[in-house]
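Chemist: Okay, here's the prediction I keep looking at, along with the sequence it came from:
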Amino acid sequence: MAERAIVTGGAGFIGSHVVDALLAQGDTVTVVDDLSAGDRSRVTAGAELEVLDIVDLDGLRALAGEVRPQAIYHLAAQASVVASVEDPLRDCDVNVKGTLNVLEVAREHEAPVAFTSTGGALYGDAAPRPTAEDRIPAPLSPYGSSKWAAEAYVKTWSLSHGIPNATMRLGNVYGPRQSPHGEAGVVAIFTHHLYTDQAPKLYGHGKPTRDYVYVTDVVDALLLARGRAGTFNVATGTETDVATIWRELSQAAGKSIEPQLEDLRPGELQHSCLDAGLAERELGWRAKTSMAEGLRLTYAALIEEFESQGGPD
Ligand SMILES: NC(=O)c1ccc[n+]([C@@H]2O[C@H](COP(=O)([O-])OP(=O)(O)OC[C@H]3O[C@@H](n4cnc5c(N)ncnc54)[C@H](O)[C@@H]3O)[C@@H](O)[C@H]2O)c1
C-alpha cells in the first residue's frame, strides 16, 4: 500500500536510490538533507527536498507535522571515518543526536524507522569473519562508536515505544551515483582515476578486504526491513581486496596505470566481511548482484555520469 515516507540523507548516494525505489512503488517521498555531502541533482523530480539539518529538532518536527510520515528511512549521517577522527563532536551531534531527533519525530507519528548503521566500521579487526550481528562491537573510529550509540537508541525506542525499528548494518556499498571524491567508495574513486588517467592510492598496499554490496541490493533490504524490529547485516559474505578491484576496473577501462601503495589511514580496518544469514532468514533478503556484474554496471554508469558532467578536464 502506498504511503508517505521521509528519507533522511535522500540527496546522498544510497538515499537517492531509496527515494527512487519508494517512488516506483507509489509512495509519496520527502527528502530531508542538509546537502553537506549530498547533491540536489540526485533527488528525482517526483520527491520533495527539504534542506534541513537533522540536528535541528524543531525544524524536523515542523516538517514531520506537515508530512505526517508513515515510515522513515534514516540514512542522513556524518559518514566519513576520517572526518569523525578529526571532529568527533560533530560526528556525535549528527549521528547520535540527529538519530535521536529522527526517532523522536518518528515516535510522534508512530512511524517505523529503518536506520543505516555500519557493519564495516563496527566489529573491529579481531572479529571472526564473516561476522554475525551478535559479535560485540569494537569500533576503531568515532564514526563506528557514534553509529553503535545510535543503534542503541533505535533499539530502545523500539522496545519502549513498541515501534518496530530496524537497524541495517551495511557492508561497503558501491554503485551508480557514488561520489568519486569521498574518502571511501573505492569503486567510484578508482573509476574516476581511470577516467582521468591518474594513479590512485591503494591504502594498506591494496591488501585490505571488504564486503562489497551493490546499492540496489541494499535498497531492497531497507524496504524489506520497514516495520521489522531487529538488527541485520546487509552484505554478501564475500571479501574482496582493494588491489583486485583496481585490477578488474583497469581491465574494464582497458588501461594500465601503476597505483601508489600507501599505509592504512587512522581508524581503517584491515579486513571486514559480514554474515548476512539473519537478513536471509528473517527478511527473505539476499544480495542478488555478483561483484563482476556490480562492477560492470557501476563502471558503465559512472563513466556516463562523468561524460555528462563535461568529460575528464
Ligand atoms: N556507503 C557505504 O558504504 C556505507 C556503509 C555503511 C553505512 N553507510 C551508511 O549509509 C548511509 C548513507 O551513506 P551514503 O554512502 O549514501 O553517504 P552520503 O554521504 O552520500 O549520504 C549521506 C547524506 O546525508 C546528508 N547529511 C549529512 N549530515 C546531515 C545532517 N546533519 N542533516 C541532514 N542531512 C545530512 C548528506 O548531505 C548526504 O546527502 C549513512 O548513514 C552511512 O553512514 C554507508
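Modeler: Received it, and whenever you're ready, just let me know what you need. Residues are numbered from 1 along each chain as shown.

Chemist: mind listing the strands for the stretch 101-250 of the chain?
Modeler: 113-118, 166-170, 172-174, 201-203, 209-210, 212-214, 230-234, 240-241 (DSSP state E, counting those that start in this stretch).

Chemist: Turn the ones you listed into TSV, columns for mean pLDDT.
Modeler: Shown next, in TSV, are the strands of the stretch 101-250 of the chain (pLDDT from 0 to 100):
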stretch	mean pLDDT
strand 113-118	98
strand 166-170	98
strand 172-174	97
strand 201-203	94
strand 209-210	96
strand 212-214	98
strand 230-234	98
strand 240-241	96
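
Chemist: Make TSV out of these and add distance to Arg286.
Modeler: (C-beta placed from N, C-alpha, C; glycine too.) Formatted as TSV, these follow (distance: least, C-beta to C-beta, whole Å):
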stretch	distance to Arg286
strand 113-118	18
strand 166-170	14
strand 172-174	16
strand 201-203	30
strand 209-210	19
strand 212-214	11
strand 230-234	10
strand 240-241	18
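
Chemist: Can you redo these as TSV, where the extra columns are distance to Arg42 and mean neighbour count?
Modeler: Converted to TSV, the strands of the stretch 101-250 of the chain look like this (distance: least, C-beta to C-beta, whole Å; neighbours: other C-beta atoms under 10 Å):
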stretch	distance to Arg42	mean neighbour count
strand 113-118	16	28
strand 166-170	18	27
strand 172-174	15	25
strand 201-203	26	17
strand 209-210	24	22
strand 212-214	17	26
strand 230-234	21	25
strand 240-241	26	18
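
Chemist: possible to save these as CSV with distance to the ligand?
Modeler: As requested, those are exported to CSV (distance: least, C-beta to the nearest ligand atom, whole Å):
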stretch, distance to the ligand
strand 113-118, 4
strand 166-170, 4
strand 172-174, 4
strand 201-203, 15
strand 209-210, 9
strand 212-214, 8
strand 230-234, 9
strand 240-241, 14
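
Chemist: Mind listing residues that contact the helix or strand of the chain with the lowest mean pLDDT?
Modeler: Within the chain, no helix or strand scores below helix 81-86, which has a mean of 90 by mean pLDDT, DSSP states H and E. Identification of contacts with helix 81-86 by C-beta atoms under 8 Å, 6 or more residues apart in numbering yields 78, 90-91, 121, 141-144, 146, 183-184, 265-268.

Chemist: just stretch 29-44 next, same as before
Modeler: 4-13, 15-16, 19-20, 22-23, 46-54, 60, 63, 67, 69, 76, 79-80, 177, 179, 182.

Chemist: sorry, back to before: check whether the least confident helix or strand of the chain contacts the ligand.
Modeler: No - Helix 81-86 stays out of contact with the ligand when judged by C-beta under 6 Å from any ligand atom, the minimum separation being 9.7 Å.

Chemist: which residues of the stretch 1-150 of the chain fall in helices?
Modeler: Per DSSP state H, counting those that start in this stretch, the stretch 1-150 of the chain carries helices over the ranges 13-24, 57-67, 81-86, 88-92, 98-108, 142-161.

Chemist: Could you tell me the least trusted of these?
Modeler: Mean pLDDT values for those show the minimum at helix 81-86, a mean of 90.

Chemist: And that one, what's buried?
Modeler: Val81, Val82, Ala83, Ser84, Val85 (16 or more other C-beta atoms under 10 Å).
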